[in-house]
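Trainee: Got a predicted structure plus its sequence, pasted below:
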Amino acid sequence: MKFNLIAAAALMAASVSAQAAVITTSLDSIAGATVIGFESFDGFINETGTVNLGQGVSLSSDTNAELSPSERQLGTNGAWTFFLNGFAASGSNGVLDFSFDTLKSGVSAYVSHFGGESLLVEAFGLGGTLLESTTVSFAASSDGAYDEGTTIGFLRSSTDIASVRFTGVGAVVDNVAAVPEPTSLALLAVGLGVLGFAVRRRQA
């Protein structure tokens with residue numbers, strides 16, 4: 001059974017090497033990945049539009065987006081809290097747009113949104129060309145759940161992703177990870193990830 005699972009993942013990885021894939025496995029453990037976790041911002045309110053997050057990543061958002069808030073209520077999707085050690089929460093228009101100084105081939109993030117709504121995830125190339133898009137409709141285990149979400153992202157055979165945007169009511173994002181070029185490990189992660197839609201609970 002284990003061999004069959006690995007073989008299936010390898011076949012899936014081979015298939016996505018020639019095309020793009022929506023992934024549900026984080027890329028943050030892949031060698032060379034850039035990972036943004038927001039721990040150092042401690043409730044920073046973005047009022048100027050663009051924030052340098054370090055590691056060649058910047059954030060453009062709607063007014064009053066908050067970095068590393070103590071808590072964000074998400075209705076029937078429960079709440080995200082400080083136990084996540086930092087996350088990005090959108091403002092009134094629900095937009096979080098992450099830009100990279102250098103082009104990437106893959107991006108992933110841990111996300112959620114206000115219960116009963118959905119989250120549009122888009123990847124753009126240079127000049128704002130839309131490369132990929134998908135919609136996430138996440139439902140927590142209960143309205144009293146804490147820090148529940150799902151991992152979503154894209155992996156492409158070309159190194160051409162300049163930015164990734166998350167749009168939705170109550171959009172919250174953590175652990176934004178980006179890889180510079182396709183690797184066998186990243187492709188294997190994709191093969192495993194597309195076997196099912198991964199849902200994680202983070203606890204202190």
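Mentor: Alright, I've got the coordinates.
Trainee: what's around Thr34, how many residues?
Mentor: Look at Thr34: counted by other CB atoms under 10 Å, it has 21 neighbours. No exception for glycine: its C-beta is placed from N, CA and C like everyone else's.
Trainee: Also Val22?
Mentor: Other residues near Val22 come to 18 when the count uses other CB under 10 Å.
Trainee: just Gly144 next, same as before
Mentor: Around Gly144 there are 9 other residues, counting by other CB under 10 Å.
Trainee: same deal with the one 10 residues further on?
Mentor: Here the number of neighbours of Phe154 (other CB under 10 Å) works out to 24.
Trainee: same question, Gly149
Mentor: If you count neighbours by other CB under 10 Å, Gly149 ends up with 29.
Trainee: Test my guess that it contacts Ser112.
Mentor: Yes: counting by CB atoms under 8 Å, Gly149 touches Ser112, with 3.9 Å between them.
Trainee: shared neighbours of these two, anything?
Mentor: Trp80, Phe138, Val172 (CB atoms under 8 Å, 6 or more residues apart in numbering).
Trainee: Let's see if you can find the most crowded of the residues you listed.
Mentor: Highest neighbour count within the shared contacts of Gly149 and Ser112: Val172, with 29 neighbours (other CB under 10 Å).
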